[in-house]
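> no FASTA, just this:
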């Protein structure tokens, strides 16, 4: 192989490697945007490789999201022993809030389930939940009673 061919092949390989390494790096514009957003009060996590990770949402952010969604009833259930919710807890809440819940959100590092609903809950289902869990009522003041004997019309 002639010397000229070797130089051309080396130059092409070098250029290809340069393009490959610069294209695979973190996007500086996104990193700078993430740094600007950190001052806004919203948590932003950046991995070691420069990629933005989903931020862990706080209980207050989740509760405010339910308020912003304009649910009439916003209930928070926590275990009485203050441990995180396990699979059985989640299943019980899911079964007992079935048709009445419009949205459920696991929050507070797995220690709370926030339920947003526009419909009151049935007494029998509600009784089982309040016997097992502590309940916080964050419903709108004018939403009416949380428990109703009639099934809501959808």
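Now that the structure is in, tell me what you want to look at. Quick caveat, the model's predicted, so the values are computed rather than measured.
> show me the contact partners of the longest helix anywhere in the chain.
As assigned by DSSP state H, the longest helix anywhere in the chain is helix 3-23. Residues from elsewhere that reach helix 3-23 (Cβ atoms under 8 Å, 6 or more residues apart in numbering): none. C-betas here are computed from N, CA, C, even on glycine.
> could I get the average pLDDT for it?
What helix 3-23 shows for mean pLDDT is 80.
> can you give me the offset of that helix from its chain's centre?
Relative to its parent chain, helix 3-23 has a centroid offset of 45 Å by Cα atoms, centre = their mean, to the nearest Å.
> do the same with stretch 86-101
18 Å.
> with stretch 103-112 instead?
Per Cα atoms, centre = their mean, the centroid offset for stretch 103-112 relative to its chain is 9 Å.
> list the buried residues of it.
Residues of stretch 103-112 classed as buried by neighbour count (16 or more other Cβ atoms under 10 Å): 104-108, 112.
> which two from the residues you listed end up farthest apart in space?
Spanning the widest gap among the buried residues of stretch 103-112 are 104 and 108, at 13.5 Å by Cβ to Cβ.
> the domain parsing of the chain - what is it?
Per automatic domain parsing, the structural domains of the chain span 3-53, 59-137.
> buried deepest among these, which one?
domain 59-137 (a mean of 16; mean count of other Cβ atoms under 10 Å).
> no more questions from me, cheers.
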